[in-house]
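From the sequence below, what's the structure:
(one chain, ligands or ions: 1)
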Amino acid sequence: MKKILITGGAGFIGSHVVRRFVNNYPDYHIVNLDKLTYAGNLANLSDIEDKPNYSFVKIDITDASAINQLFGRENFDAVIHLAAESHVDRSITDPTAFVMTNVIGTVNLLNAAREYWKDDYSNKRFYHISTDEVYGALGETGMFTETTAYDPHSPYSASKASSDHFVRAYHDTYGIDCVISNCSNNYGSHHFPEKLIPLAINNIKNNKPVPIYGKGENVRDWLWVEDHARAIDVIFHQAKAGETYNIGGHNEWKNIDLIHLLCKIMDDKLGREAGTSAKLITFVTDRAGHDLRYAIDSTKLQKELGWTPSLQFEEGLEKTVDWYLVNEEWLNNVTSGNYQSYYDKQYNGR
Ligand SMILES: Cc1cn([C@H]2C[C@H](O)[C@@H](COP(=O)(O)OP(=O)(O)O[C@H]3O[C@H](C)C(=O)[C@H](O)[C@H]3O)O2)c(=O)[nH]c1=O
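The predicted structure follows:
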């Protein structure tokens, strides 16, 4: 049985990866490591938490000794590293938290891999999940490829760029089998409502203003989170050591156009008169250093490993809205801060 450490498994993307691996690979044991910050929520995994091939450990990756003890106790075959501070706005107000978790935390994991796998790196794998924001910003044309030079602008993207560099350095210097993927914006279920799409869904539902930074002209490439989890599965199993893959939806939207589409879906779903939700759109002060456009070319992943996105955006957005409307309790819990009590109830004393 393979033992795989997935870090950040209680977060948005992480929980989709954990669910996929636990369900699809009964012969793997998945250890989910998460600090359970405001954005980590074990309720995201309530459907798989009792499976025999799943366990959870609450650890902060900035705690090197806790990481080393874990590696000493468990004989991991691989690490899929998703744990990160991920919200660009928070990185602008508190950059140090991003350096600590995203840079120091990643180096702590790499050091543990280096120490505990040193007898034979060949059968191990360290897979770092990263972002397209490391490449910087595009004008109106062009796309990021795997050879685009790094040019991060926000403290968040600078911390992810730095952690990518460390992962490559440990591959080149110590020979650890490392793989990196850089993905575009994700959307789907279990997304903490501070990011654009879930925040807008929550605000529209509650008749609150939907804040659009600047003029809403910024462009993002949106990918359904389950397609990202499938890409991670494919890359984890098939990529050669040292490789990097870009992952994207080939699905660019200006923020304002996306929000208008979302408002239309919400009007339909909530039985509101057409145009009601759009009245909530409120233009607010722009994000500092706001990157104009991200667009990512995933041809390499498609050609070499055969992955393509499965879901059309309009359909995926509707599915996402449905999920939030049905899972009102989840949304109320995360927005009221109650979700921590879920952890206390489920895991304290175990
Ligand atoms: C929260 C919010 C955002 N925005 C704008 C800012 C961006 O142009 C766009 C998406 O913002 P969001 O914060 O949802 O995501 P990004 O800043 O693009 O970054 C996200 O996608 C990448 C790949 C990651 O790697 C990040 O971890 C992830 O957070 O909407 C608004 O106009 N209003 C709002 O209230």
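
What is the end-to-end distance of stretch 98-107?
13 Å (Cα to Cα, to the nearest Å).

got the contact list for it?
Here stretch 98-107 makes contact (Cβ atoms under 8 Å, 6 or more residues apart in numbering) with 35, 60-62, 81, 83-85, 90-91, 128, 155-156, 159-160, 162-163, 166-167. Just so you know, the C-beta spots here come from the backbone N, C-alpha and C atoms, and that holds for glycine as well.

same thing but at 7 Å, please
61-62, 81, 83-85, 91, 128, 155-156, 159-160, 162-163, 166-167 (Cβ atoms under 7 Å, 6 or more residues apart in numbering).

what are the ranges of the strands in the stretch 201-350 of the chain?
210-213, 219-224, 244-247, 252-254, 281-284 (DSSP state E, counting those that start in this stretch).

which residues sit against the first one?
What that stands for is strand 210-213. 200, 203-204, 255-256, 259, 280-284, 286-287, 290.

Of those, which are in range of the ligand?
Near the ligand, judged by Cβ under 6 Å from any ligand atom, the entries from these are 255, 287.

Would you mind putting the strands of the stretch 201-350 of the chain into a markdown table with mean neighbour count alongside?
Below are the strands of the stretch 201-350 of the chain laid out as a markdown table (neighbours: other Cβ atoms under 10 Å):
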| stretch | mean neighbour count |
| --- | --- |
| strand 210-213 | 19 |
| strand 219-224 | 23 |
| strand 244-247 | 24 |
| strand 252-254 | 18 |
| strand 281-284 | 14 |
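
With mean pLDDT as extra columns, can I get those strands in JSON lines?
Shown next, in JSON lines, are the strands of the stretch 201-350 of the chain (pLDDT from 0 to 100):
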{"stretch": "strand 210-213", "mean pLDDT": "96"}
{"stretch": "strand 219-224", "mean pLDDT": "98"}
{"stretch": "strand 244-247", "mean pLDDT": "98"}
{"stretch": "strand 252-254", "mean pLDDT": "98"}
{"stretch": "strand 281-284", "mean pLDDT": "96"}
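
how about a markdown table for those, with distance to residue 303 added?
Formatted as a markdown table, those follow (distance: least, Cβ to Cβ, whole Å):
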| stretch | distance to residue 303 |
| --- | --- |
| strand 210-213 | 35 |
| strand 219-224 | 18 |
| strand 244-247 | 11 |
| strand 252-254 | 21 |
| strand 281-284 | 40 |
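
Of the contacts of strand 210-213, just say which sits nearest to the ligand.
Set against the ligand, the nearest of these by Cβ to the nearest ligand atom is residue 255 (4.6 Å).

can you count the residues close to the closest one?
Neighbours of residue 255 under the rule other Cβ atoms under 10 Å: 18.

Excluding covalently adjacent residues, which one is nearest to it?
residue 216 (4.5 Å; Cβ to Cβ, 6 or more residues apart in numbering).

Give the other helices and strands that the strand or helix carrying residue 71 contacts.
Element membership for residue 71 (DSSP states H and E) is helix 64-73. Contact partners of helix 64-73 among helices and strands, from 3 or more Cβ pairs under 7 Å, 6 or more residues apart in numbering; DSSP states H and E: helix 105-116.

May I see the buried residues of the helix it packs on?
For helix 105-116, the neighbour count (16 or more other Cβ atoms under 10 Å) marks 105, 106, 107, 108, 109, 110, 111, 112, 113, 114, 116 as buried.

any idea of the mean pLDDT for that helix?
The average pLDDT within helix 105-116 is 98.

Downstream of it, the next helix or strand is which one?
Criterion used, DSSP H and E; the element after helix 105-116 is strand 125-131.

I'd like to check the angle between that following strand and helix 105-116, please.
170 degrees (axes from the mean of the first three to the mean of the last three Cα atoms, to 10 degrees).

ok, residue 84 to residue 39 distance?
10 Å (Cβ to Cβ, to the nearest Å).
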